[in-house]
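J.: task: produce atomic coordinates for the following.
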Amino acid sequence: MRLVHYIFSLLGILPGTVLYCFIGATAGSLTESGSAVSGPVAVASLIVGIVFGLASLFLVGYYAKKEFDKIVPQQAQSQGTSEQVQGDTDDMV
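T.: Residues are numbered from 1 along each chain as shown. Predicted structure coming up:
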């Protein structure tokens, strides 16, 4: 695995990590004291944060799948041509 692939994969898992940390911190603040989240503005901001976090996870997954679906046929085509060339050289020996 190349370093570039590793860095891109780390960037790909960041939205999920941020969402899980946000949900964990929110749950922690809710259990610490009953007055930690009071009022409709605080509750609304928590809900909006969770919704945007889930939306970002969905969008990253959607676009990653779209790119993966573009790459797979290219890889299959390039492997098919390399196997065909390799098969031709085996016949010569």
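J.: just checking, what packs against the helix or strand in which residue 42 is found?
T.: Taking DSSP states H and E as the definition, residue 42 sits inside helix 40-92. Where contact means 3 or more Cβ pairs under 8 Å, 6 or more residues apart in numbering; DSSP states H and E, helix 40-92 is packed against helix 3-32. For every residue, glycine as well, the C-beta is placed using N, CA and C.
J.: mind listing what's buried along the helix it packs on?
T.: Across helix 3-32, burial judged by 16 or more other Cβ atoms under 10 Å covers 15, 19, 26.
J.: contacts only, for the last one.
T.: Translated: residue 26. Residues near residue 26 by Cβ atoms under 8 Å, 6 or more residues apart in numbering: 46, 49, 50.
J.: what is the burial count for the first one?
T.: For residue 46, the tally of surrounding residues (other Cβ atoms under 10 Å) stands at 16.
J.: can you check the pLDDT for the closest residue to it other than its chain neighbours?
T.: Closest residue in space to residue 46, ignoring its immediate chain neighbours: residue 26 at 5.5 Å, by Cβ to Cβ, 6 or more residues apart in numbering. Looking at residue 26, its pLDDT reads 75.
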